[in-house]
Structure formats: C-alpha cells, structure tokens
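Undergrad: Following is a predicted model, sequence given first.
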Protein chains: 4
Amino acid sequence: MSEKSPNEFISIEEIRQRALEVLTERYGVKAAENYCGKGVGSITGSSFKRNEEALNEIRLRTRLIHGINEVDTTTNVLGVHINTPILVAPIAGSSVSYPEVIQGCNNVGTVCLIGYPQPKKTMQSVAEITDKKIVWIIKPLSDLEELKSIFNAAEDAGCQAIGMDLDSAAGLQQYTHSSTWLLSWSFKPVEELQEIRSWTSLPFVIKGVLSVEDAEQCVAAGIDALVVSNHAGHALDCTQSAVDVLPEIADTVGRKVDVLMDGGIRHGTDILKALALGAKGVLVGRPTIWGYNAGGAAGVAKLFELLTQELTRAMQLTGVSDVKDVPMSILAS
Amino acid sequence: MSEKSPNEFISIEEIRQRALEVLTERYGVKAAENYCGKGVGSITGSSFKRNEEALNEIRLRTRLIHGINEVDTTTNVLGVHINTPILVAPIAGSSVSYPEVIQGCNNVGTVCLIGYPQPKKTMQSVAEITDKKIVWIIKPLSDLEELKSIFNAAEDAGCQAIGMDLDSAAGLQQYTHSSTWLLSWSFKPVEELQEIRSWTSLPFVIKGVLSVEDAEQCVAAGIDALVVSNHAGHALDCTQSAVDVLPEIADTVGRKVDVLMDGGIRHGTDILKALALGAKGVLVGRPTIWGYNAGGAAGVAKLFELLTQELTRAMQLTGVSDVKDVPMSILAS
Amino acid sequence: MSEKSPNEFISIEEIRQRALEVLTERYGVKAAENYCGKGVGSITGSSFKRNEEALNEIRLRTRLIHGINEVDTTTNVLGVHINTPILVAPIAGSSVSYPEVIQGCNNVGTVCLIGYPQPKKTMQSVAEITDKKIVWIIKPLSDLEELKSIFNAAEDAGCQAIGMDLDSAAGLQQYTHSSTWLLSWSFKPVEELQEIRSWTSLPFVIKGVLSVEDAEQCVAAGIDALVVSNHAGHALDCTQSAVDVLPEIADTVGRKVDVLMDGGIRHGTDILKALALGAKGVLVGRPTIWGYNAGGAAGVAKLFELLTQELTRAMQLTGVSDVKDVPMSILAS
Amino acid sequence: MSEKSPNEFISIEEIRQRALEVLTERYGVKAAENYCGKGVGSITGSSFKRNEEALNEIRLRTRLIHGINEVDTTTNVLGVHINTPILVAPIAGSSVSYPEVIQGCNNVGTVCLIGYPQPKKTMQSVAEITDKKIVWIIKPLSDLEELKSIFNAAEDAGCQAIGMDLDSAAGLQQYTHSSTWLLSWSFKPVEELQEIRSWTSLPFVIKGVLSVEDAEQCVAAGIDALVVSNHAGHALDCTQSAVDVLPEIADTVGRKVDVLMDGGIRHGTDILKALALGAKGVLVGRPTIWGYNAGGAAGVAKLFELLTQELTRAMQLTGVSDVKDVPMSILAS
C-alpha cells in the first residue's frame, strides 16, 4: 500500500484508489467497491447511474481571451461564509468518523452536513468541536414530539442550520432489496412542514427535492434552502438526477431560497456545471468517504483542495471569475 | 442452495436467483437463463429486449410534500375485484404448475390468465379449485367449431373471462428459428371476431394488440378488454414494446374497454409507469415463473407481495394515492 | 460437424453456423468470420456496421384483425417475374461457385446478379445453364472499347439485364487498407453514362447509388433500375446505409425505375422494412455465401425459402397481403 | 517485428501497429497505448474521446456520376503553399525527433507546427534545416519580456509563422491528475493579445479556440489564423470537440482568417469532413507520432501520403474536385 501522506496526493483518482485499498481491507471487496465505484442505489441502480450520466452529457464551452488568472471560490450558504462551494453530504453508516470529517471541513473552510441517526458517542464528540460549521439532517419521524426533541438537540449541538431529508419518508433501499428498513417515518403535508419549520429559528433545509412543485411548496412552508437530490439512488429507482431538474427548480425558487444539489459530483467540472445550472453549492458524499479513508481529516481536506483546484481551473478556462456568478452560457446547448 | 422459506425472501432479485438455481438443476443452464435472464423472443430477440429497454427509458418525478402514507392498490378488471393491479400472464410450457400458481393468486387476491393448450390433467385440477379468479386465453384456431367447443369448456371450468391471443395467428417463434410450430391457427377479420365474441356472455379479452387501429377494431367487435403486448417477443421480431404504444391506445379506447399490458414488468416502478401510461393493470410472466420455481404457491404469493410493496413505495414517492388514478404527470417528459 | 441435409435447416442462424464451420475449415477462422460475422468494409468498417444498425433501428407496427392468411410474394424486377423479392447480390472472390448459386436461384424462382471479373471457366459454365435469370454487373472500366466488348459478352451469356457498379470507380477497399486494388476504372459523367447505356437493348442497372442527385442523373441517362447500396462498406468508409436514403430516392425516382437495395438484409423483417421504405426488391450477399457454403445449390434455395417464410410471416403480422404494395405505415415513426 | 521499409506500408493501421511495437519496446505498454490508442486527455478523458466520437457521428453522401477522376489537394495556409491540407500538430514530449518530422513534411510538401518548449539542441538542428515550412507554437508566458525574446528566436529560426496555444494558460493536465505542471503562463485579455501580435510581422496563429466569442476576439486582435482544438483533451475535461464548434466559427470568421482544426483526425474521411465543416486544413498529432516511430522521416512522409490518398478517394466518391472548395452538402444532415 501507498505510504504517501494525504498532502502528497496529486489527484482525486489517487485518493479514490487509496480509499479502495483501505476499505477493501476493512470491509471486503464488495463493500469497498460500493463506496468507491459503481452499481449502487435502490433496486436496479438506475437513479444512481443517472447522476454521473447526466453530468457527463453536459459539455463546457471554453473562453481563453480574458485576464481571469485568479478566481473567487467563496460564497455564502445558509447564512454561513464558505471558502469553496463544496459541502459534505450526509453520509450513512460507519464509513466515516464525523469529528475527523468536520475537522477536514474546518481546515478548508466549508460546511459539513450530518445524517441522523448517529451513535450518541459520535454526537457528543461533534458537540465538543469548536468553530465547526455543521448542519444536522434529521429523518422525517412520524412522532412529532420525538422529532421536536431532536430539533432541540441539534440546536444544542451548535448547528448552523437544521434540515430534513424528506425523501426518506418511505424508508431507504439498498441495491436489489424490495423491502426497506423498519422505520416510523412519514410524508408531511405542507401545513405540517410549516409547523415543523416554526420549531427553530435556525435556517431550515429540505433535502431530496426533485420537482418544481415540491420546491414551491417548500418556499410556501418557509424553508430557507433546498438540496436537489435523489439520495444517491436510495430513495426510489428510476428517478431523474438532480442535474435533470436543477435548472427549472433554480429558475423558479432560486431567488427566494438557497438551492444546493448533490449526486454524481466527482470533479471540478461537475461542480462548475451544477453552478451554471443554478446551484449555489454542491454536496459530495462518496468523495468525502474516499478522502476520509485515504487520510482522515487531512485526507478530507486534501480532497476538498483538489476539487477546488479543479474547479478553479475549469472556471479560468470558461472565463468565470466568481462562483457566485456562473452563467449558463458556459454550457454547450 | 438457500434453505429460506418463500416468506423470508426480501427481494425480487432473491426470488429470481433462487429460481435460477432450481431451474438450472431441472432443465440445465441455458433453459434456466432463458426463463430468468435475457436474450429470448423470436429471431434476433429485439422485440423482447425492447420491452425492458422502453420501460427503463422512462423516469419518475418524485413528490414528497403530501400526506399520502397509505395507498389504495385495489382495482377492478374484467368485472373482477383485485387487491393489486398485477395479474399472472399466460405462461407456455411446463415451467409452472397452474393449480399452485392459481393458489398463489388467490392468496394475494388477483387474477391468473391461463394459456391454451394445457395438459388435460392440469385443466381438471384447475376446474376443481374453488373461488379461483381465472381467464382462459385461447389460441385463434382456424376451425371455428373446435374453437367454439373450447369456449364452452372454458365456461365450464369456471372462468371469469375468456380471451384469445390473436398475435399467435401466424404461430410463435423461438429464438433464431425461422420456422414456427405446426399449427392450424389463423387471423380473424373483424366480422369473424364479432361472431366469436357472441359465443359467450363472459367478458372477452384480445391479447397481443400493438396498434391503435387494431384496438379500435376490437372495440367495434364488442371486446371488453385488451392486453397490449408483443408476446415477450415470440410473435414477431422488431416490433414495438407495449409501452411504446400504450399511451395512444389507452387514450383512444381506454374509456370503453379495460386496457391491460405486459412485457418487461420486473419491479414496482415498471408497474407504476404502465399505469401512468394508461394501463388499468399489468401482467407478469417471467416473474411468476421465478416465484413458482422459488417456492410454489407461496413463492408466487411472495413475489406478488414484493411487487405490490415496491409499487406502494413508488406511489408514495410520486404522490399517488390510488392505482385507479395515476396521472401521466408523474413521468418525466 | 452437422450432418443435416440443406432441407433440414430450420433457421437462417443454423445455416450461418454451418457455413462458419465449413469456411473456417476452408479459409481459417478470420476469413470465415469476415464472411459470417461482423467488422468488415473499408477502413473503420463504419459503412458496413451502419447497414445492420439502420435496419435494426426500425420497428414494425403489427396488425392482427384481418383475413390475410395467405400472401403474394411474387413481383417483377427488370422485366423478370420472380417468386420472391429477394435477389442474389454480386459476390466477389472465390466464396461461391456461380453455377450452383444460379441453380439455387432457379429452384426458388429468383434472379442472380453476378460480379465482374470472374474466371472465364465460371463464365462458360454460367453461359451453359438454361432458363437462368442472371444480371451481369460490370466494373466501370476506363477503356470504353473494352467495356463495350464486355457488354457484348454479357448479352451472349444470356443475361436478362446488364449493370454497372459505379461505386467501384475509385477501386474497392479491404478493412483498414488505405490503398486500393490496382485498376483502370473511372467515374462517368452523365453524357458518358448515356452513351454506355445505348450499347444494349437489355434493361440497364446502376448499382451503388446513395444520393437522390445521382438517382436523378441515372434517370436522365436512361437507366432502368437502381441498386441503392454502399457496397457492404467496401466503396467508402463513413457512408450512409441504403436504408438511410432509400425513402427519398424511391419517392423521387421510384415511379420511373425499379429501385432495389442491398446492405444488412439478414431476415424477413429486414426485407419487409426495405419494401416499406420503397424498394421493389432486395439483394442478399453474405446470406447467399452462407447458403452456398452450408449446402451448395440446395443450401442457397433453402436460405431463400427461409427468408421468404420469415417475410411471409412478417407480412401477415403487419397486415400486408402483397409485396408489390407495402405501405410505409407499417413502420413505427 | 515487421521488417517492412516505410514505403511498403499499405495502410495507416499498419503504421499504427508498427509504432505500437516500437513504442512498447521503448517506453513500455502503457505509454505506447497512450500514444497509439485511447483513453487519454485530462481527468476522465471525455474531451479526448469526444474528438473521435464527433467525427464518427458524421456520415458522407456519395456522388458517382461525374468526371472527377483527378482531384486537387493543394492549398495555402498562413501564406504558405502546401500540397495537402494536412499539417503536423505540435507534439509534446520526447515521442518524436523534430528534424526528421520536418524532413518528412518537406518530402510531402506540408507544414510542421512545433511545440514550445523544446530542448535547445533540437531547436538548433531545426534552425539548420533549409527550405523548411515550420510554425513555432509558443506557450502564453506571463513574463512578456521573456515571451517577446522567444518570438525573436522563432523569427531567427526561420519560421513561416508564429503561434500561441492560449488554451495552455491554466497549464495542461495528464489523465486523472488534478494538479497541473508548475508554470508561469497566463490568460491574455484582448488588448494584451493585440500587443503580442504586434511583435512580429509574420502571420500569427492562436491555437485552442473552441468558441465563436473567442474567435471574434482573435480577429479583433489582428490574428491571421485559428486552430480550433481542445488540445487532445489536455486543456480541460468535458469540453466540446473542434468538430462540434467548427461550423459556427468558420461561418463567423472564416472569410477573415485561416481556420484550421485538430482533434481525432485519423483517416482521409475525417479530413474531408473537417474541410466540409469549414476548416482550411487539419493538424495531425498522434498519427505523426505513429509515422515517425514506424519509420522516421520516411514514415512520416508515408503516413501523409496514405492520408492524402484516402482523402483523394473520399473526394472522388463524394464528387469533390478541390480541397479549397468542399461543400457542406457532402455531409448527411
């Protein structure tokens, strides 16, 4: 195995390869390939595959004659200033240790979204980290009393914002499994969403939106930000990709709420495409797992540095100087 | 081999894998893969392949903000109340035992279509089953006297409806074979179809329709229901899939007759897509073979439970509360 | 190896497999696969591949409610009555023996096109066959005197028509070879073509046309029939397939001249598609090689019987009663 | 290994195969395949792949009825008369020896573009070659003083023209590597480009343009020629191919400047397609490496002869008599 320190990695591919080695040793080949490769999501895996496919179908138009030798990658999401428009997506399972991932985020100056539920021990360690920028993504529990208590816990843990992944309402599916995890989660009509939103004064995020109708109802319910996402394919088979619906959603509600996205982001060009389609920032799940497993907090930080470096390069070559203003005209129609 | 009881299967894929083991032992690898895999239908197999392909090309639009935590999967086809809009397709050969398949259907409350010809012994056992919901699909014999006698036999056997798979009129083809089975079947002009229809007071179904012109002639002949189908590719190479023509046919005759479909249905999302395109119900052939071979009547029942569970989930995530009212707007255009 | 007599073959695939065995023994695996498989034509092989691909992209619309239990496959091309709209394409090389191929054609009542140059011995045997229906396809020699003498020889050999494959004018290419065979052939302006045409009172055919402009010039030069063809990909890489241009050409000149086609015809459905797109008949090259090598004259005849049988079946299932009147409406748009 | 002399090669494929052997022996399998095969360019390789793919999607319309038995392949680019519209692209690394490549170009009467930086020794040998036709492509250095000194050196070396590959401004990437070579290059606003252009009275070329906006700015800066190019995929991942943007660029600026292109040219049909889309000439990089490694100067010359022979053939079969006048109507729409 490679003895490189995280800071010596020169490419995302190298980090992915290193993570594949580490995860294979830890969990076996199949699980490692699931984290580092292809073929996951629910049932046939078509939702997961569509994420990378939709991004790959888009081509960039280059612009060379300009003086943009430096670019600005800083932006604001959920009222938080970040150095790069790339956030950590909520990650399920035991594939990362959150304190280290958050430390990696702090090193590069970005936000970490954390999935619920998490082992209490992890939550305690998270609560103790100072100056962290975290968003707690809570499941849509049927029991509103319990749900409210978790909102309070999230506030106590020092979150910058609270969110809910409403696309988990029917449970989540593993590859080929028709049955879902036992759960007591439920869909929420807009009135209930309004009530839930009122429980906290923190910014509130809904994750998993894929239709403009849902996006408009989120706005009606007083939500502050959306994550356009198909949950890496675990919510439903045969859905569209975030990229497929992002332009329409951003066009409709992008001036009222922060529109983020996830699904299939692997390189700087993917990020630039998402920004051009209307996203204010992107979330990365699998690449974070790669970074963590290749080198802990330093690996996560290095991953974000390389992604930002690729984004910077793509911006220069398309004539874009600021991530806060990426015109759709850089995409070939 | 797995020692799981049918009720322990947690996915359709698991049932398919178990059936592959059983069928390989019984008929050898090639036949087993034919039942459980790909590459069948007539000549080049393109009609069969188009079935799955056409369904896979369709993507679902999710809706999350609503209170649909329970859905209604019951409906009526051919005047019969069924608990789930999934019926058993007529299956040729010796790959299933009908009494057990019918028992499986009864367990979940749906209809079994039975192909003709069948060994007389099987027919007798079928006749003895009480409370069964069956439809006898008869070949388009040239000899009208003989055909009429089979209609009478079907009525005596206690069918809820009688049907004819008119797409067998030129015989059926196996993969790569130019020649067809020896037969004395024939096409029927609309006047003859009208006469045939008059022989029974039971609902009458034509199976194999793929054009709106044929669908309209079926209505003119007094038919009660259509199965839009390319006969799993055994009727003709290079045809369209049921899914390709379903919207136009349903739009034209769907208010006058029950429009059912088959071909390529493997998961709950496929069923929901077919319903959104205008089908009142779908038929499953290969999955029934999987269920039966993986666990007899209980295997068939489990297969239908898992399909219905996947359908339920897909309905919730697209905001559909009733299989009798599935809007086309859940499909991405 | 199979010991079946040609008459026992039940599918085109079986004939192809048998030919593959025979040709492998005779010429080695590579040449055999070239005749029986894929990957030929000039340079990258894209013209050859396009032939099958273009046909496969077309889907048939079935029609079942009619009384068409018998169909008429007879037609007239080049003033010759044939029992089936399938002719033998000119075949280069030593892969067939013409006397036997012509005998096979006679057995089924169709026309054999013969490529030039051929060993004189073969030509003599051909001349001696009585009641044959042959068309001699001559190369576009630069030397008009020599060309005229070959026209005379063709008349003496008892041809029903004479043709020229004008797409050989720049030579023909083998797979990957930039250089072409040494030759003294040339392109012909329309005036020269008019003169050449005047040398014989037999019907005159131009083979290799792929543009409506050329088709119109052929009509202007007094030609009687066209073969729309890309020469199985040996004329030029990256051309269109006959099928791609057939509708426009047939629509423009089809009422004035016989429009035939070749390229990629492997099954009855391919033939029906070509007829629906405007062809009066199709030529088959590779399948003829399969039939000959699988069983001599009887193998060729069996091949044509199976193709005609598949065509008949496809006609019935699309509601077509006569090859002389195949509407384009049987194709899915 | 083959003992053929370069003049005996009968196809480009044969030259490529020979180069693969030589390069494998010299640099190992991986590097050899990189030069002779697929899968290069930056990050995912999608820009490189798009080059061949975009050309392969285009099909030619043949024309046979004409008297074009000879064609004219001579043209003028950058004020230089060339015998064939195929130039050598600037090639990085140590895969060729420039004196021999230039000698090969002289043998066939075309222009060699040379990439900067090059070992001084090579530059000296180049300077000593008489009657050479070379264009020096210089990197967009940040330091204008140094850049100017290189312009002077290029003039002294006897260039016919000077160029700059502005798409190197953000550095160049190897496959999968996020980080780029250390460099002090920079993008140039149009005013700076105008100033740079004024340093020489030689024709001035910008290489790497992929948008009509950049092409117009090049014209505004007084540039004489453009190379539409994605730098074989090394500038940015996910760009368009030259072929994708060539028609719009040629239509907008083609009457004011010489529009050349590179990327994916492998055969005569590719060249003819590029000319039909508006290019005045094409550059070949990889094929030059094949020619050189298969046979030095003679190998390069033979490669250009075979390409020109294929081009000639493609012109004849599409009815084109002069490379200076290739109508877009030879392309199937």
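TA: Looks like it came in fine.
Undergrad: Stretch A:232-250 near chain B at all?
TA: Yes - if you take CB under 8 Å from any CB of the partner chain as the test, stretch A:232-250 does meet chain B, through A:A235, A:L236, A:D237, A:C238, A:T239, A:Q240, A:D244. Glycine gets a C-beta too; all of them are placed from N, C-alpha and C.
Undergrad: Now for the residue of the stretch 51-200 of chain A found nearest chain C: which residues touch it?
TA: Nearest to chain C in the stretch 51-200 of chain A, going by CB to the nearest CB, is A:E57, at a distance of 20.6 Å. Counting by CB atoms under 8 Å, 6 or more residues apart in numbering or on different chains, A:E57 touches no other residue.
Undergrad: What ranges does the stretch 151-300 of chain A have for its helices?
TA: Secondary structure of the stretch 151-300 of chain A, counting by DSSP state H, counting those that start in this stretch: helices at A:190-197, A:212-220, A:242-253, A:268-276, A:286-318.
Undergrad: What pLDDT does the model give the residue of the stretch 101-250 of chain A found nearest chain D?
TA: Across the stretch 101-250 of chain A, the shortest distance to chain D (CB to the nearest CB) belongs to A:V243, at 12.9 Å. We have a pLDDT of 98 for A:V243.
Undergrad: re the thing from before, of the residues of stretch A:232-250 next to chain B - the most surrounded one?
TA: A:T239 (34 neighbours; other CB atoms under 10 Å in any protein chain shown).
Undergrad: right, and it touches B:I58 too?
TA: No - with contact defined as CB atoms under 8 Å, A:T239 does not count as touching B:I58 (11.0 Å).
Undergrad: Could you look up the SS state of the closest residue to A:D270 other than its chain neighbours?
TA: Using CB to CB, 6 or more residues apart in numbering or on different chains and skipping the chain neighbours, the partner closest in space to A:D270 is A:L55 (5.0 Å). Following DSSP: H, G, I helix; E, B strand; the rest coil, the label given to A:L55 is helix.
Undergrad: Near chain B, which residues of the stretch 151-300 of chain A are found?
TA: Those residues of the stretch 151-300 of chain A that sit near chain B, judged by CB under 8 Å from any CB, are A:166-167, A:169-171, A:173, A:176-180, A:186-190, A:192-193, A:208-211, A:213-214, A:217-218, A:221, A:230, A:235-240, A:244.
Undergrad: Quick one: the strands in chain A, in order.
TA: Ranges of strands in chain A, per DSSP state E, are A:75-77, A:80-82, A:86-88, A:112-115, A:134-138, A:161-165, A:204-209, A:225-228, A:258-262, A:281-284.
Undergrad: which stretch among those strands comes nearest B:V111?
TA: strand A:204-209 (36.5 Å; CB to CB).
Undergrad: in its sheet, what does the closest one sit against?
TA: strand A:161-165 (parallel), strand A:225-228 (parallel) (DSSP bridges).
Undergrad: angle of that strand against helix A:212-220?
TA: 170 degrees (axes from the mean of the first three to the mean of the last three CA atoms, to 10 degrees).
Undergrad: still on that earlier bit, could you check how far the residue of the stretch 101-250 of chain A closest to chain D is from A:L55?
TA: 6 Å (CB to CB, to the nearest Å).
Undergrad: and what of A:V212?
TA: 20 Å.
Undergrad: more crowded one of the two?
TA: A:L55 (23 against 16).
Undergrad: who's in contact with the spatially most central residue of chain A?
TA: Residue closest to the average C-alpha location in chain A (CA atoms, centre = their mean): A:L283, at 2.3 Å. Counting by CB under 8 Å, 6+ apart, A:L283 touches A:I86, A:L87, A:V88, A:A89, A:L113, A:V227, A:S229, A:L260, A:M261, A:D262, A:I265.
Undergrad: again, 6 Å this time
TA: By CB atoms under 6 Å, 6 or more residues apart in numbering or on different chains, the contact list for A:L283 reads A:L87, A:A89, A:D262.
Undergrad: If we check chain C, which of those residues are in contact?
TA: The subset of the contacts of A:L283 lying close to chain C, counting by CB under 6 Å from any CB of the partner chain, is empty.
Undergrad: The closest residue to A:G79 other than its chain neighbours: how many residues sit nearby?
TA: With sequence-adjacent residues excluded and distances taken as CB to CB, 6+ apart, A:G79 is closest to A:P203, at 5.6 Å. Per other CB under 10 Å, the neighbour tally for A:P203 reads 20.
Undergrad: mind checking pLDDT for A:K38?
TA: A:K38 is given a pLDDT of 63.
Undergrad: now A:A32
TA: For A:A32, pLDDT reads 89.
Undergrad: wait, it sits on A:L23?
TA: Yes - at 3.7 Å, A:A32 and A:L23 qualify as touching, with contact defined as CB atoms under 6 Å.
Undergrad: thinking again about what came up before, make CSV from the contacts of A:L283 and add pLDDT and neighbour count to it.
TA: Compiled in CSV, the contacts of A:L283 are given as follows (pLDDT from 0 to 100; neighbours: other CB atoms under 10 Å in any protein chain shown):
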residue, pLDDT, neighbour count
A:L87, 98, 26
A:A89, 97, 27
A:D262, 98, 28
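Undergrad: Sketch out the low-pLDDT regions of chain A for me.
TA: For chain A, the stretches with pLDDT under 70 are A:1-2, A:38-40, A:93, A:116-121, A:174-182.
Undergrad: As a quick check, tell me the outermost residue of it.
TA: A:I65 (33.6 Å).
Undergrad: Now the terminal residues of stretch A:307-327, how far apart.
TA: In stretch A:307-327, first residue to last residue: 20 Å (CA to CA, to the nearest Å).
Undergrad: So which bits of it are buried?
TA: Using 16 or more other CB atoms under 10 Å in any protein chain shown as the test for burial, stretch A:307-327 gives A:307-321, A:323, A:326.
Undergrad: is it true that A:A274 touches A:M261?
TA: Yes - counting by CB under 6 Å, A:M261 is a contact partner of A:A274 at 5.3 Å.
Undergrad: Could you name every residue contacting both of these two?
TA: Joint contacts of A:A274 and A:M261 (CB under 6 Å, 6+ apart) are A:V282.
Undergrad: Now for A:A32: which residues touch it?
TA: Here A:A32 is in contact with A:L20, A:L23, A:T24 (criterion: CB under 6 Å, 6+ apart).
Undergrad: Next, the contact list for the residue lying closest to A:L303 once chain neighbours are set aside, please.
TA: The shortest distance from A:L303 to any non-neighbouring residue, by CB to CB, 6+ apart, is to A:G291 (3.2 Å). Residues counted as contacts of A:G291 (CB under 6 Å, 6+ apart) are A:I15, A:G299, A:V300, A:L303.
Undergrad: Make CSV out of the residues you listed and add neighbour count and distance to C:S333.
TA: Below are those laid out as CSV (neighbours: other CB atoms under 10 Å in any protein chain shown; distance: CB to CB, whole Å):
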residue, neighbour count, distance to C:S333
A:I15, 27, 50
A:G299, 26, 54
A:V300, 33, 53
A:L303, 30, 49
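Undergrad: Can you say which two of those residues are spatially most distant?
TA: Pairwise distances across the contacts of A:G291 peak at 9.6 Å for A:I15 and A:V300 (criterion: CB to CB).
Undergrad: which bits of chain A sit near chain D?
TA: Residues of chain A lying near chain D (CB under 6 Å from any CB): A:10-13, A:59-69, A:267, A:269, A:306, A:309-310, A:313, A:316-317, A:332.
Undergrad: From one end of stretch A:192-207 to the other, what's the distance?
TA: One end of stretch A:192-207 to the other measures 16 Å (CA to CA).
Undergrad: Let me know whether A:A314 touches A:L272 as I believe.
TA: Yes - counting by CB under 6 Å, A:L272 is a contact partner of A:A314 at 4.5 Å.
Undergrad: Show me the common contact partners of the two, please.
TA: Counting by CB under 6 Å, 6+ apart, no residue touches both A:A314 and A:L272.
Undergrad: Mind putting the contacts of A:G291 into CSV with distance to B:A161?
TA: What follows is the contacts of A:G291, written out as CSV (distance: CB to CB, whole Å):
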residue, distance to B:A161
A:I15, 62
A:G299, 64
A:V300, 63
A:L303, 62
